[in-house]
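Novice: Can you look at this prediction? I've put the sequence above it.
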Amino acid sequence: MSFFSAIADLPIQIDSYELTGLDRTFPTGFTRPSTLITLRGGGLEGVGEDVVYDDLDHIALRDAGAVHDLSGPSSLGELCELIGSLDLFPAPPVRDFSRLYRRWAFESAALDLALRQAGKPLHEVVGREVAPLEFVCSVRANPVAESDGELDVVLAPIRSRLELYPDLRFKLDPQPDWDDDVLTYLQQSGSVDSLDLKGCYAGTPVDVEAGPEFYDRFATAFPDAWLEDPKLNEETIPVLEPHKDRITWDAPIHSVADIEALTWKPRIVNVKPSRIGGLEALSDAYSYCEREGIGAYGGGQTELSVGRDHIQYLAAMMHPTTPNDVAPRGYNEAEVPKGLPSSPLELAPAGTGFGLLESP
């Protein structure tokens, strides 16, 4: 039985819903807008988190309010079908793929509510164990240009975490201006699990314009690291092909069709719930990867609330031993606190719903 087949027939009753803004500006200056979607029915609540990146999309949503009638469907599957048919954006989104992010917010809230109304936790309904969850920490080194090339300043975000958590492993965003001293430190640390090459973005603050020399340098320097999201073209493919077993994908993956269309069949791919969007499409991606012998790992979107709990819970059920980019939220802080849980992460699901007893 597929993931979706196990949950689609869950009865659900929705009386109303509410939108709550939960934005946060980090010390780096990055503002993460977030809106909680709270569905209510039968005296219970289910909550999802909208991780669309553009402020204007959140403002329009909150200003419009709870304008959709979600009270008709009697099962979770029917409700997901209804949500998929609605335009959840009062004004056209800044980026079209944001429609998937918002759909995930509503459908994850619906899953939470249906499970609470059934009095059961997710793993019990889908028949899977919640295993200790291996994770990596996604962090960006300080820009070289703003650090006057000082090694200690460039690597400060990495060093500070390793001082507290020496066994921590990282997913890093390599930059073309990293010199040999940066690479040597990272090599000697033995902490690099994945390199996010950011070659599949355009018009964002994290774009990395890189050519074959860049890819060859980092693939050679870190022969055991996963290489995520390189830009494939006639110049880079010859350099990357010898490393194709280590190449994995995140940003381009929104459906099974996207996995099937990849130049090389991956050994592993990022099945990110918010990028996939709907529960049925997410289930299809899980099933496809299992059927094709493709590993899966999870990824985050700097969630501020229940969204991080949801992706940790799913990863612990579906792919607990892969390089899941779902570290506890404390690892995203500028000043990382002491006492954070280490990998593998022991999760305690709540007795009912799509949530955890305590957010790590």
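Specialist: Structure's in. What do you need?
Novice: Going by residue numbers, what spans are strands in the stretch 201-350 of the chain?
Specialist: For the stretch 201-350 of the chain, applying DSSP state E, counting those that start in this stretch gives strands covering 226-228, 247-248, 268-270, 295-297.
Novice: Need the per-residue pLDDT for the residue located most distally from the centre of the chain.
Specialist: For the chain, the largest distance from the centre (C-alpha atoms, centre = their mean) belongs to D148, which lies 32.5 Å off. Note for D148: predicted pLDDT of 70.
Novice: quick revisit: just send the strands of the stretch 201-350 of the chain back as CSV, with distance to Y286 and mean pLDDT too.
Specialist: In short, each C-beta sits where N, CA and C put it, glycine included. Shown next, in CSV, are those (distance: least, C-beta to C-beta, whole Å; pLDDT from 0 to 100):
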stretch, distance to Y286, mean pLDDT
strand 226-228, 19, 97
strand 247-248, 16, 97
strand 268-270, 11, 97
strand 295-297, 7, 98
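Novice: Tabulate those strands in TSV, adding columns for distance to R24 and mean neighbour count.
Specialist: Compiled in TSV, these are given as follows (distance: least, C-beta to C-beta, whole Å; neighbours: other C-beta atoms under 10 Å):
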stretch	distance to R24	mean neighbour count
strand 226-228	26	25
strand 247-248	29	24
strand 268-270	24	23
strand 295-297	25	22
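Novice: how about those in a markdown table, adding distance to T31?
Specialist: As requested, the strands of the stretch 201-350 of the chain are exported to a markdown table (distance: least, C-beta to C-beta, whole Å):
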| stretch | distance to T31 |
| --- | --- |
| strand 226-228 | 25 |
| strand 247-248 | 29 |
| strand 268-270 | 24 |
| strand 295-297 | 27 |
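Novice: so where's the stretch 101-250 of the chain uncertain?
Specialist: The stretch 101-250 of the chain contains residues with pLDDT under 70 at 145, 147, 149, 201-208.
Novice: go with 80
Specialist: For the stretch 101-250 of the chain, applying pLDDT under 80 flags the ranges 143-150, 200-210.
Novice: residue ranges for the helices of the stretch 251-360 of the chain, please.
Specialist: Under the criterion DSSP state H, counting those that start in this stretch, the stretch 251-360 of the chain contains helices at 256-260, 273-276, 279-292, 306-318.
Novice: May I see the ones you listed organised as TSV, with mean neighbour count added?
Specialist: Output for these, formatted as TSV (neighbours: other C-beta atoms under 10 Å):
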stretch	mean neighbour count
helix 256-260	15
helix 273-276	26
helix 279-292	19
helix 306-318	26
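Novice: I'd like those helices laid out as a markdown table, including mean pLDDT and distance to W226.
Specialist: Shown next, in a markdown table, are the helices of the stretch 251-360 of the chain (pLDDT from 0 to 100; distance: least, C-beta to C-beta, whole Å):
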| stretch | mean pLDDT | distance to W226 |
| --- | --- | --- |
| helix 256-260 | 97 | 16 |
| helix 273-276 | 97 | 17 |
| helix 279-292 | 97 | 15 |
| helix 306-318 | 97 | 16 |
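Novice: out of the ones you listed, nearest to I37?
Specialist: Closest to I37 of the helices of the stretch 251-360 of the chain is helix 306-318 (C-beta to C-beta; 9.6 Å).
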